[in-house]
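Enquirer: Curious how this folds, go ahead:
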Amino acid sequence: DRTTTVTSADHLTVTTTVDQDGDGIINQRQTYVQNADGSTTTTTEQLSVNGTLLTKTMVASSADGLVKTTSLDIDGNGVYDDIVTETTTLASDGSRNKTTVDRSSNDKVLSQVDTSTSADGRTITVSVDADGNGPRETKTVTTSTTAASGDVTLVTSTYNTNASSILRSKSTTITTANGLSTTVNSDVNADGVIDFTDTNVTVIDATNRTQTVQHRTKSTTGTLLSQTITK
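Expert: Predicted coordinates:
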């Protein structure tokens, strides 16, 4: 393939074209623009052999990086069919909140996800409005702790978001310090009983060959449900 990059005299605009098969026809064009306020826009176009637009993606970012909008024209008709805006706010305590809104071409909200991260990064709360009608259907809280041994434990709890805020499911993931072993205990209906245990163990021998064994057991009976060995 052949890639050509052209930078403007003021270095604020960079255009890159790609001829993927060396036939002299440009298949992709990407244009990066830095605006006077420090914000940036990157536009990527996929082109047909006769130069017509097939698809187009535009990513616009604010100067501080806290607002990012990705617009997608899936059929090249000049109208953005899907527009996703990510807005991040920083709190005085160091925590951050990100709201991701997916809209259609007529500005209808398709879905919304709110993500809150604690200052130490150890607690992440995600609330989801899957159909864009306003109320959040689920809230998932993930907390992370690190033991003195270096093992990391993640506890993920999913709740209803109505007034009851009932726990729907819970899982606990333990990863060893060396990253070679992971165990996931799942309580799929939040009744306090572990329904499944999934383990993933990798062994490295003296010749650096690896073998990974994955298996799932039904916790209440110890019955092996599945097993995969990868060498």
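Enquirer: Kindly state the pLDDT recorded for residue 21?
Expert: As predicted, residue 21 sits at a pLDDT of 84.
Enquirer: Go ahead and confirm residue 12 touches residue 33.
Expert: Yes: counting by C-beta atoms under 8 Å, residue 12 touches residue 33, with 6.6 Å between them. For glycine as for every other residue, the C-beta is placed from the backbone atoms N, C-alpha and C.
Enquirer: And residue 139, how far from residue 91?
Expert: 19 Å (C-beta to C-beta, to the nearest Å).
Enquirer: Which one's more surrounded, these two?
Expert: Between residue 139 and residue 91, residue 139 has the larger neighbour count (other C-beta atoms under 10 Å), namely 18 against 11.
Enquirer: Would you mark the buried spots in the helix or strand that contains that one?
Expert: For residue 139, the enclosing helix or strand under DSSP states H and E is strand 138-146. Going by neighbour count (16 or more other C-beta atoms under 10 Å), the buried part of strand 138-146 is 139-142, 144.
Enquirer: Check stretch 18-28 too.
Expert: Buried, per 16+ other C-beta under 10 Å, within stretch 18-28: 18, 26-28.
Enquirer: Repeat that for stretch 145-164.
Expert: For stretch 145-164, a neighbour-count test (16+ other C-beta under 10 Å) marks 152, 154-159 as buried.
Enquirer: With stretch 26-40 instead?
Expert: Quick answer for stretch 26-40 (16+ other C-beta under 10 Å): 26-32, 34, 40.
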